[in-house]
Structures are given as structure tokens and as C-alpha cells.
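Participant: output the structure for:
(one chain, ligands or ions: 1)
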Amino acid sequence: MVARTDNVSDPQLAAALSLMRRGQAFWARKLNEVRDADFDAPSRLPGWSRRHLIAHVGFNARAVARLVEWASTGVETPMYSSPEQRSEEIEFGATLPTEALRNLCAHAAIHLNVSWRDLPEEAWTHEVRTAQGRIVPASETVWIRTREVWIHAVDLNNGARVADFPPELIDALLDDIVRVWRRKRSPLEENITLQATDRARAVSIRDDDEGLVVRGTAVDLVGWGIGRSMRGVVRADGSPAPRAPEWL
Ligand code: ZN
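Facilitator: Residues are numbered from 1 along each chain as shown. Presented below is the predicted three-dimensional model:
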């Protein structure tokens, strides 16, 4: 029996799926606004045309769907067989005719959505491994895809802005930025605190008063933390902020 709605009773997970679907719709709308003739123009990612970005977002949906399949069947199916496979398929995808590229993106997203919808409730906690090698419950695939669709809509370079993100996504990204840095950076490296002027609490890599403190609106701090913008972010003394460390 094929499910018509998600097999999800956890309200947090239901909210996460909703935020992802709004992001998928946002990405699809911005992609729809790109004319075929403008596919060759640069994205906001260094070295990538819009074609590369569109191919990547399509193949990413397929890769995330492989993790959902892994959770569903128990048979290990990694996101990518290797980093080379990931970049080769992007290079290949970028050469496709624009219509094929649009279809790839749309169909992969539909397939992923169906995979989530049909995932039995108990399988959402099944452990899978991300492209970075982290072991996470299958439910984390929703956040992995959420980040991709919202942020790459901005990278499409045709008008989407971090300021268009819903507030709950901004809050989730502030937490995610310091969480990823905490994971990637050595404990000996400088602590960083993001002090949003329009939020009640600051977020930090570590709970100490040392290190770099940067200030700005939550939107501007997210733009800075994900490496997409320097706008509106200053040090505690008001001087310009340095570039943020690499995030993903
Ligand atoms: Zn990506």
C-alpha cells in the first residue's frame, strides 16, 4: 500500500518536512524564473555556472533518496560511491540540454519526496552515513536537503536572498553554523560567537567568553556564516568582521 501522507507522528519532524517542502518550492520557483538562455551564466558559487548548480541540486536529491532507501531497506546505499562520482555527475549534468536539466531536477525532487512519504515511521531512526562520513538517523536527511534547496536558491543568482528565508530557518541555520564549525575545527582554534541583534540569545562554538564575537541581524549573520555575504556583520568593537571560516 502506497502512503498518501507522511508516516510521521513527531511534530518536530513534521515541521522539518514542511520547511523542506517550502524550500523545494522556493528553489523550483527561482529555477523556473531562469530562462534557458541564462543557464550558462555564473551561479554565486565560484567556478560553477548555473548549469553546474542545477545539476548538483538534482543529483543531490537522488543522493539523499539513496539514504532514505538505505533506511527503508536496511541495505547500505551511500549518497555517493566517491567524491569523484559526485563531481563527475555534476560535470556531466552541466552538459545536458536545459530541458533535460530541468526535468532531472524536478523528477529527482519528486522521487525524494515520495521516498520520505513512504518511509515507515520506525525507519526514520535507522542510521545512515552522510557524504561527510557522519552516522545520523534517517530523519537528518530532511535537514540535509533543507539546507541545499534554500541556500542554493540564493546561489542561482537571480534574486533570491537569505532575507527571504523564514525566521525558523534562520534560527536553525544559526545553530547549524556553529555546530558544523564545532565539529570541523580543532578545539585549539578560536571560539566564535554570533550575537544576533534581533535574537535573545547568542550562539557560540564553545561556551566561553574568548575569541571572536561578531554582531549583526540574524539574517546578516547567517549570510556571513554560510560564506555568502559580508553585509551588516561587525566585530564587537564595531570594526569590520573577518571572513567566516568555511562552513560546509
Ligand atoms: Zn550543495
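Participant: would you mark the buried spots in the helix ranked longest in the chain?
Facilitator: Looking across the chain with DSSP state H, the single longest helix is helix 50-73. If you call a residue buried by 16 or more other C-beta atoms under 10 Å, then helix 50-73 has these buried ones: 50-72. The way it works is simple: take the backbone N, C-alpha and C, and place the C-beta from them, glycine included.
Participant: got the domain ranges for this structure?
Facilitator: Domains of the chain are assigned by the TED database as 11-160, 167-235.
Participant: give me the distance between the two termini of the last one.
Facilitator: Translated: domain 167-235. For domain 167-235, the separation between the terminal residues is 23 Å (C-alpha to C-alpha, to the nearest Å).
Participant: how far off centre is that domain?
Facilitator: Computed by C-alpha atoms, centre = their mean, to the nearest Å, the separation of domain 167-235 from the middle of its chain amounts to 16 Å.
Participant: and if you look at the longest one?
Facilitator: A distance of 9 Å separates the C-alpha centroid of domain 11-160 from that of its chain, computed with C-alpha atoms, centre = their mean.
Participant: ok, which stretches of this protein are helices?
Facilitator: Using DSSP H, the helices found in the chain span residues 11-32, 50-73, 83-93, 98-118, 140-155, 167-184, 218-225.
Participant: any chance of these in a markdown table, plus mean pLDDT and distance to residue 233?
Facilitator: A markdown table is the format used below for these (pLDDT from 0 to 100; distance: least, C-beta to C-beta, whole Å):
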| stretch | mean pLDDT | distance to residue 233 |
| --- | --- | --- |
| helix 11-32 | 97 | 24 |
| helix 50-73 | 98 | 25 |
| helix 83-93 | 94 | 30 |
| helix 98-118 | 97 | 32 |
| helix 140-155 | 98 | 16 |
| helix 167-184 | 96 | 12 |
| helix 218-225 | 98 | 4 |
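Participant: need the winner for burial among those.
Facilitator: Among the helices of the chain, ranked by average contacts under mean count of other C-beta atoms under 10 Å, first place goes to helix 218-225 (a mean of 25).
Participant: one step back: could you dump the domains of the chain into JSON lines and include distance to residue 244?
Facilitator: JSON lines is the format used below for the domains of the chain (distance: least, C-beta to C-beta, whole Å):
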{"stretch": "domain 11-160", "distance to residue 244": "14"}
{"stretch": "domain 167-235", "distance to residue 244": "5"}
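Participant: which ones are touching the nearest residue to residue 138 once chain neighbours are set aside?
Facilitator: Excluding its sequence neighbours, the residue lying closest to residue 138 (C-beta to C-beta, 6 or more residues apart in numbering) is residue 71, at 3.5 Å. Residues near residue 71 by C-beta atoms under 8 Å, 6 or more residues apart in numbering: 119, 123, 124, 126, 128, 138, 141.
Participant: surely the fifth one meets residue 67?
Facilitator: Yes: using C-beta atoms under 8 Å, residue 128 makes contact with residue 67 at a distance of 4.4 Å.
Participant: shared neighbours, the two?
Facilitator: When C-beta under 8 Å, 6+ apart defines a contact, the residues bordering residue 128 and residue 67 alike are 138, 141.
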